[in-house]
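>>> Fold the following and give me the result.
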Amino acid sequence: MEHSPERIPVLALWSAPRSRSTAFARMMAERGDRVVVHEPFSRVVDFGEVKVADRVAHTEKDVLDALRGIAADKSVFFKDTTDFHYPALLADRAFLTAATHTFIIRHPSEAIASHHALNPDLDRDEIGFARLHEIFTAVRDAAGTTPVVIDSEDLLDRPADTVRSYCSAVGIPFLPDALNWEPGMRSEWRTTSRWHESTSRTAGFTRGPSTDTAVVEADPKLRAYRDYHLPYYEELRAAALRP
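Numbering: from 1, shown residues only. Purely as a prediction, here's the structure:
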């Protein structure tokens, strides 16, 4: 697809934590047709700096500038999570409209159970669905069109159909060979490796052991978190592609 003059070849995938976005990014890396950047916004907030291809960013604005700079020469894909808030992104209307922003979701009960297993002290907002919805709304309002959303359950149940639908919606070729890859811990995952252990053992979009959501049902605080985030998830789910 030809990019109109006002657009930049940046494709973004936004996700609440533990929603299988790393597996999707692994598939995008397997394609080999664009620079893949791993969680630049969350890392710059969490660690104070992040490497974006060959550049080092120290602020959200630096990340935005770096992504634009790379996109001047090459197509870029980045994925990021909404355990943090990104005011500079939300204020940058030009980036909201010039890049192609897409979203992946997972039911909050499963995402919270998976998140809690790695971070028992998680707070309500870092679960991330409200922030994910905030970015979705900002992109929709800035661009005037509904962004692409995929449900990670569809990705596991019908990987080829889901990825084909996604590729068609964002205007990139569907590359079926990218649906399979060699297992292993990628270098860009190492500083946060415990969050990516499960993906490092995969060779494609396959369902692992089922997530036990009983911990959410049994804990009043986690149930309240789920109930807070559920309406945001449901609105995103209503917009999701139906492969």
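>>> Looking at this structure, which helix is longest?
If you go by DSSP state H, the chain has its longest helix at helix 220-238.
>>> now this protein, which segments are flagged as low pLDDT?
1-7, 184-203, 209 (pLDDT under 70).
>>> how about the strands in it?
10-15, 35-38, 50-52, 55-57, 76-81, 100-105, 148-151 (DSSP state E).
>>> Residue 68: which of the ones you listed is closest?
strand 10-15 (7.7 Å; C-beta to C-beta). Just so you know, the C-beta spots here come from the backbone N, C-alpha and C atoms, and that holds for glycine as well.
>>> Report the inter-axis angle for the closest one versus strand 76-81.
Computed by axes from the mean of the first three to the mean of the last three C-alpha atoms, to 10 degrees, the angle separating strand 10-15 from strand 76-81 equals 20 degrees.
>>> before we move on, the earlier item: give me the distance between the longest helix of the chain and the centre of its chain.
Centroid separation for helix 220-238 versus its chain: 18 Å, with C-alpha atoms, centre = their mean, to the nearest Å.
>>> what does stretch 172-185 give?
17 Å.
>>> And the longest helix of the chain, what's buried?
Within helix 220-238, the residues scored as buried using 16 or more other C-beta atoms under 10 Å are 222, 225, 226, 229, 232, 233, 236.
>>> cool, stretch 155-162 as well?
155, 156, 159, 162.
>>> And for stretch 166-173?
For stretch 166-173, by 16+ other C-beta under 10 Å, it's 166, 172.
>>> same deal with stretch 123-138?
Neighbour counts over stretch 123-138 (16+ other C-beta under 10 Å) mark 125-136, 138 as buried.
>>> Can you name the residues in contact with that stretch?
The set of residues external to stretch 123-138 that reach it, using C-beta atoms under 8 Å, 6 or more residues apart in numbering, is 14-17, 81-86, 89-90, 96, 101, 103, 105, 108, 111-112, 115, 119, 147, 149, 224-225, 228-230, 232-233, 235-236, 239.
>>> can you check stretch 67-82 too?
Under C-beta under 8 Å, 6+ apart, the answer for stretch 67-82 is 8-17, 19, 21-22, 24-25, 28, 33-42, 52-53, 55, 95, 99, 128-129, 131-132, 135.
>>> how far out from the middle of the chain is stretch 51-66?
18 Å.
>>> How about stretch 138-154?
12 Å.
>>> quick one: buried residues of it?
Quick answer for stretch 138-154 (16+ other C-beta under 10 Å): 138, 139, 142, 143, 147, 148, 149, 150, 151, 152, 153, 154.
>>> pull the CA atoms of that stretch into CSV?
Extracted in CSV, the C-alpha atoms of stretch 138-154 (Å, rounded to 0.1, in the frame of the first residue of the first chain):
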residue,chain,number,x,y,z
ALA,A,138,-7.2,9.4,21.1
VAL,A,139,-6.3,7.7,17.8
ARG,A,140,-9.9,7.3,16.7
ASP,A,141,-10.7,11.0,17.5
ALA,A,142,-7.5,12.3,15.8
ALA,A,143,-7.7,10.1,12.7
GLY,A,144,-11.5,10.0,12.3
THR,A,145,-11.6,6.3,11.8
THR,A,146,-11.8,3.3,14.1
PRO,A,147,-8.4,1.7,14.7
VAL,A,148,-7.7,-2.0,14.0
VAL,A,149,-8.3,-4.2,17.1
ILE,A,150,-7.6,-8.0,17.3
ASP,A,151,-8.5,-10.3,20.1
SER,A,152,-5.7,-12.6,21.2
GLU,A,153,-8.1,-15.5,21.6
ASP,A,154,-8.8,-15.3,17.8
